[in-house]
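Visitor: what follows is a protein structure lacking sequence information:
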């Protein structure tokens, strides 16, 4: 038996020092969080994506009394972008969250289901998706969704390409 290790690098920023290219997406994600339907968790999440065609699409978490029937903001945004711009890769994603009416101090990270969808979206288009996880005190930036889900399950696992 041999041991292997998976590591990844991420950048940390204060919200005030975020690269300018992220400002509009952060604003769009914050706006999306205002439209979340989260009566059960009271945890509102907003997401905004940028496609390689320059389109910005948003999503917010949508809860349901039958909990598994809800959907996370990240998947709403990515699926919305894929439905409207099916030939365009998603190149950037911003995730924000509000709890108790204020944005969280620390960034939140995508759940496992979202990580799977984000990885397959990268694979589908052959393009990396940078992900910015926003917190009011600090932000994290990863260069690819695959950083968040190493050894992911993909079409190759099913004998596909």
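Guide: Ah, there it is. Everything quoted here is computed from the prediction, not taken from an experiment.
Visitor: quick check: chain neighbours aside, which residue is closest to the most centrally placed residue in the chain?
Guide: Among the residues of the chain, the one closest to the centroid is residue 74, at 4.5 Å (C-alpha atoms, centre = their mean). Among residues not flanking residue 74 along the chain, residue 114 sits closest, at 4.2 Å (C-beta to C-beta, 6 or more residues apart in numbering). To be clear about C-beta, it is placed using only N, CA and C from the backbone, and glycine gets the same treatment.
Visitor: in the helix or strand hosting that neighbour, what counts as buried?
Guide: For residue 114, the enclosing helix or strand under DSSP states H and E is helix 112-125. Within helix 112-125, the residues scored as buried using 16 or more other C-beta atoms under 10 Å are 114, 115, 116, 117, 118, 119, 120, 121, 122, 123, 125.
Visitor: next up, the contacts around residue 89.
Guide: Residue 89 is in contact with 51, 52, 121, 125, 126, 127, 129, counting by C-beta atoms under 8 Å, 6 or more residues apart in numbering.
Visitor: just residue 143 next, same as before
Guide: The contact partners of residue 143, taken as C-beta under 8 Å, 6+ apart, are 9, 128, 130.
Visitor: quick one, which of those are buried?
Guide: Neighbour-count burial (16+ other C-beta under 10 Å) applied to the contacts of residue 143 gives 128, 130.
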